[in-house]
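K.L.:
just need the structure, nothing else, for what follows:
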Amino acid sequence: MAAVQDGSIEPEPENEIKTETSNEVLGNPGDASGGVPPTAPVAAVATEKPAAAAADSTERQTLLAVLQFLKKSKLFESEEILRREAGLLNEIGDSQGSGAGGAGLGGGGGAEPESGDASSLLSRVAGAVATAQSANATPAPAKVTPVVTGGEDQPDVNVVLAAYSQQGDPVLYPVYYSGLKRFIDSVLDCHRAELSQVFYPLFVHMYLELVYNQYEKEAKAFFDKFHGDQECYYKDDLRILSGLTKKEHMKGNETLLDFRTSKFVLRISRDSYQLLKRHLQERQNNQIWNIIQEHLYIDIFDGMPRSKGQIDSMSGSLAGEAKREANKAKVFYGLLKEPEIEVPLDDEDEEAENEEGKPKKKKPKKDSTGSKSKKQDPNAPQQSRIPLPELKDSDKLDKIMNMKEATKRVRLGPESLPSICFYTFLNAYQGLTAVDFTDDSSLVAGGFADSTVRVWSVTPKKLRGVKTAGDLSLIDKDSDDVLERIMDEKTASESKNLYGHSGPVYGISFSPDRNYLLSCSEDATVRLWSLQTFTCLVGYKGHNYPVWDTQFSPYGYYFISGGHDRVARLWATDHYQPLRIFSGHLADITCTRFHPNSNYVATGSADRTIRLWDVLNGNCVRIFTGHKGPIHCLAFSPNGKFLASGATDGRVLLWDIGHGLMIGELKGHTDTVYALKFSRDGEILASGSMDNTVRLWDATKAFDDIETDDFTAATGHITLPENSQELLLGSYMTKSTPVIHLHFTRRNLLLGAGAYNP
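P.N.:
Numbers count the residues shown, from 1 in each chain. Modelled structure (predicted):
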């Protein structure tokens, strides 16, 4: 424990401002120049003499209790300094015996001149607190904790000091807040926007402190007076806050407990910070300064203060902005090198050309996906950084098909927009909650609120199950077409139902090889289904609450899930327990996405932040703030450099992963954005929303216009283009159908899906 300084509190100059518990309570009660808040004498003047004497006695008793605690903890130097400063050198004789081990808070053998044994001292302090509070007629009852005396038992001194967590007179809270507000309104415009960020966390913590200390009327008056001054994007939080009127309410609210325990991050220029610090020290405004020290993390940067627009674009999350250090880690966002697979010439096309009487042309071996990955990307991770499954023969065939399709891909751009094919789920009375397409666009699956999953074939090829065990024993296992022979034609149908969940299904994902389907549900499980037998293979149990989303890795084998327990889990299909647990969000994880190189996972949350996690070590390497509502969809660009996110605020934000910066804001949707997808070449971003529209945005222009120089990256100063309408290439209305999923085929046809909402 540090020595307590006499005089006004001098904050540390570092970016993170910390406070010690001792600084809050251990000022010299008898010294007018000490660090006691000016509220103490004000409160004393307002009461009668007996009350003042009781308060003085309480402070003295508390001081003695703390001295005993220091002695018990063998912090003799701190005890000596505190005694000297408090003028109690002769008050407490060291009559506990010559051995240092005999001096203790719980020891009953030592005679203490003023207060008997230490335990009775603590009991009397608690009693004195109660007396002082009844004398002051305050509604907060003191907790008198029974203390067990004994050599080993050490009563919790924090219980004694709990009565002092409220330092000032609650009546003066509005005075403090108004004084700070007047000061910030009077400073230069360039500093005002930055300093105004302090209002919201200060307002919340002052209100919570009043509620916690059971000043319910004062808390309500404080809330009613100042809640209108807060930024509009905090209105949902304030609505929740207004319902917390009693101390008991706080115990059950996890989000608010997180707000109280985690530091709210503000990014402020050094000049603005010095102004605030000087003002609070001149006014001896220790109450506000203590809240700033205890509950706020001020990330100070050198340079010009940010404008209101720059601050607003990054604000809005539950815990303030991200610390700049959080986005400094190196991220390997490049793509892994593709395996070299020879693409055979397309014989069918050549025969068709010859039949038409045209001369036979020799086709060059071109593959746009393979050629760009021949050279190792300097920003790509090592091929062996995380173990990835080996390619099977079927995977290689699929890659060859993919490359052939890529040669026929339509090149998109502002002049050539994609055609859009929309799948409308009619009569979906069971409530459609999730949709996914396979990579080759041959299957579509829907998750429903009645706990079923349905899979449809969108090609003429019907879905078939495997034959029964008896029929399988008759098949020649060595034949070339054994995979075809095991299928039972009698079971062929356009769709299959999958039963197993016991709650609404909120997320589904096909494996890249189309052999498996993942689904997650309110029943807190993730299930793996076989698309050969259409049965459940595994139920993964790790989450304790509803699971909102799940997704397969682009390479298969791994998958990610996130849910109401605010934790994302990384799984492998052959392990029944998670490989990694990603913890850090302050509210539900609502969407999860794998990076194209499978080394990173992005999670979007109801705490209005996006986090990027490193699969290798489980570290959080990026925190993105800027959304004003829960995030519901994420999409990585095909080259792995950029991330797009959509939320309930109707905005689509674009992020540069390498620099850890927001680089674009796409406005246009009037309701929650539920679906985002980049075209196969990354030229166009499609967004789908609950406002029944699909919008197409010029991704190339959005990314090329931004210049991220070193200064921008260091300070996080980003000036977003005023008008995002220049980037809007088209808006397409559905017929009363909210868009919940989008998918680009290998040839860049855009598929959409949603349930008709009559």
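
K.L.:
now do the phi/psi pair for Gly604.
P.N.:
In terms of degrees, to the nearest 10, the main-chain angles of Gly604 are phi -110, psi 150.

K.L.:
OK, contacts around the closest residue to it other than its chain neighbours?
P.N.:
Distances taken as Cβ to Cβ, 6 or more residues apart in numbering place Ile631 nearest to Gly604, at 3.2 Å, with adjacent residues excluded. In this view, the C-beta of every residue, glycine as well, is placed from N, C-alpha and C. Ile631 makes contact with 590-591, 604-606, 608-610, 645-647 under the criterion Cβ atoms under 8 Å, 6 or more residues apart in numbering.

K.L.:
by neighbours, which of those residues wins?
P.N.:
Gly604 (30 neighbours; other Cβ atoms under 10 Å).

K.L.:
got a list of what Asn515 touches?
P.N.:
Neighbours of Asn515 in contact, by Cβ under 8 Å, 6+ apart: 530-532.

K.L.:
in CSV, list those residues along with neighbour count and distance to Phe582.
P.N.:
Below are the contacts of Asn515 laid out as CSV (neighbours: other Cβ atoms under 10 Å; distance: Cβ to Cβ, whole Å):
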residue, neighbour count, distance to Phe582
Ser530, 16, 28
Leu531, 21, 28
Gln532, 14, 32
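
K.L.:
between the residues you listed, which sits nearest Gly334?
P.N.:
The closest of those to Gly334 turns out to be Leu531 (Cβ to Cβ; 31.9 Å).

K.L.:
per-residue pLDDT, the closest one?
P.N.:
On the pLDDT scale, Leu531 is placed at 89.

K.L.:
returning to what we had before: now the phi/psi pair for the residue nearest to Gly604, please.
P.N.:
phi -90, psi 130.

K.L.:
likewise for Asn213?
P.N.:
phi -90, psi 10.

K.L.:
distance of it from His595?
P.N.:
As judged by Cβ to Cβ, to the nearest Å, Asn213 and His595 stand 47 Å apart.

K.L.:
now swap in Leu742 and tell me
P.N.:
19 Å.

K.L.:
one more: Phe510?
P.N.:
For Phe510, the distance to His595 - Cβ to Cβ - is 18 Å.

K.L.:
what does Thr648 give?
P.N.:
24 Å.

K.L.:
comparing the two, which residue is more hemmed in?
P.N.:
When Thr648 and His595 are compared on other Cβ under 10 Å, the one with more neighbours turns out to be His595, at 24 against 20.

K.L.:
before we move on, back to that, reformat the contacts of Asn515 as CSV; add distance to Ala686 and secondary structure.
P.N.:
Below are those laid out as CSV (distance: Cβ to Cβ, whole Å; DSSP: H, G, I helix; E, B strand; the rest coil):
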residue, distance to Ala686, secondary structure
Ser530, 31, strand
Leu531, 26, coil
Gln532, 32, coil
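
K.L.:
looking at the residues you listed, which one is closest to Arg306?
P.N.:
For the contacts of Asn515, the nearest to Arg306 is Leu531 (51.4 Å; Cβ to Cβ).

K.L.:
the most centrally placed residue in the chain: which element?
P.N.:
Residue closest to the mean C-alpha point of the chain, counted by Cα atoms, centre = their mean, is His585 at 3.4 Å. If you go by DSSP states H and E, His585 is not part of any helix or strand.

K.L.:
I'd guessed it sits against Trp613; true?
P.N.:
No. Counting by Cβ atoms under 8 Å, Trp613 is not a contact partner of His585; they are 10.5 Å apart.

K.L.:
what residues do these two have in common as contacts?
P.N.:
568, 603.

K.L.:
the helix or strand containing Gln61 - what's its average pLDDT?
P.N.:
Per DSSP H and E: Gln61 is located in helix 49-72. On average, the pLDDT along helix 49-72 is 68.

K.L.:
after it, which helix or strand is next?
P.N.:
Next element after helix 49-72 (DSSP H and E): helix 76-86.

K.L.:
now for that next one, which elements pack on it?
P.N.:
helix 49-72 (3 or more Cβ pairs under 8 Å, 6 or more residues apart in numbering; DSSP states H and E).

K.L.:
list the buried residues of stretch 288-303.
P.N.:
Within stretch 288-303, the residues that qualify as buried are 288-301, counting by 16 or more other Cβ atoms under 10 Å.

K.L.:
among those residues, which are in helices?
P.N.:
Among these, the ones falling in helices (DSSP state H) are 288-295.

K.L.:
quick check: phi and psi on the closest residue to His249 other than its chain neighbours?
P.N.:
Of all residues not flanking His249 in the chain, Gly243 sits nearest, at 7.0 Å (Cβ to Cβ, 6+ apart). Phi and psi for Gly243, reported as degrees, to the nearest 10, are phi -80, psi -10.

K.L.:
with Val211 instead?
P.N.:
phi -70, psi -40.

K.L.:
residues near it, how many?
P.N.:
By other Cβ under 10 Å, the burial measure for Val211, its neighbour count, is 24.

K.L.:
which ones are touching it?
P.N.:
219, 244-247, 249-250.

K.L.:
list buried residues within those.
P.N.:
For the contacts of Val211, buried by 16+ other Cβ under 10 Å: 219, 244-245.

K.L.:
surely Phe703 is within a strand?
P.N.:
No. Assessed by DSSP: H, G, I helix; E, B strand; the rest coil, Phe703 does not belong to a strand; its assignment is helix.

K.L.:
do you know how far the residue nearest to it when sequence neighbours are not counted is from Ser442?
P.N.:
Spatial nearest neighbour of Phe703, chain neighbours left out: Phe642 (6.1 Å); criterion: Cβ to Cβ, 6+ apart. Phe642 is 28 Å from Ser442, where distance means Cβ to Cβ.

K.L.:
who's more crowded, these two?
P.N.:
Phe642 (24 against 14).

K.L.:
helices of the stretch 351-500 of the chain, residue ranges please.
P.N.:
Counting by DSSP state H, counting those that start in this stretch, the segments of the stretch 351-500 of the chain that form helices are 368-371, 393-407, 469-472, 482-485.

K.L.:
which other helices and strands contact the second one?
P.N.:
In this case it means helix 393-407. Using 3+ Cβ pairs under 8 Å, 6+ apart: helix 393-407 touches helix 368-371.

K.L.:
any weak-confidence spans in the stretch 101-250 of the chain?
P.N.:
For the stretch 101-250 of the chain, the stretches flagged by pLDDT under 70 are 101-170.

K.L.:
if we use 50, what do you get?
P.N.:
101-122, 124-164 (pLDDT under 50).

K.L.:
let me know the average pLDDT across stretch 568-584.
P.N.:
For stretch 568-584, mean pLDDT is 92.

K.L.:
same check, this time on stretch 401-420
P.N.:
83.

K.L.:
so can I have a markdown table of the contacts of Ile631 showing distance to Gly500, pLDDT and secondary structure?
P.N.:
As requested, those are exported to a markdown table (distance: Cβ to Cβ, whole Å; pLDDT from 0 to 100; DSSP: H, G, I helix; E, B strand; the rest coil):
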| residue | distance to Gly500 | pLDDT | secondary structure |
| --- | --- | --- | --- |
| Thr590 | 23 | 94 | strand |
| Cys591 | 23 | 93 | strand |
| Gly604 | 27 | 94 | strand |
| Ser605 | 27 | 93 | strand |
| Ala606 | 27 | 91 | coil |
| Arg608 | 33 | 91 | coil |
| Thr609 | 33 | 92 | strand |
| Ile610 | 31 | 94 | strand |
| Ser645 | 31 | 94 | strand |
| Gly646 | 30 | 93 | strand |
| Ala647 | 31 | 93 | strand |
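
K.L.:
from those residues, which is closest to Lys408?
P.N.:
Closest to Lys408, out of all of the contacts of Ile631 and judged by Cβ to Cβ, is Gly646, at 30.1 Å.
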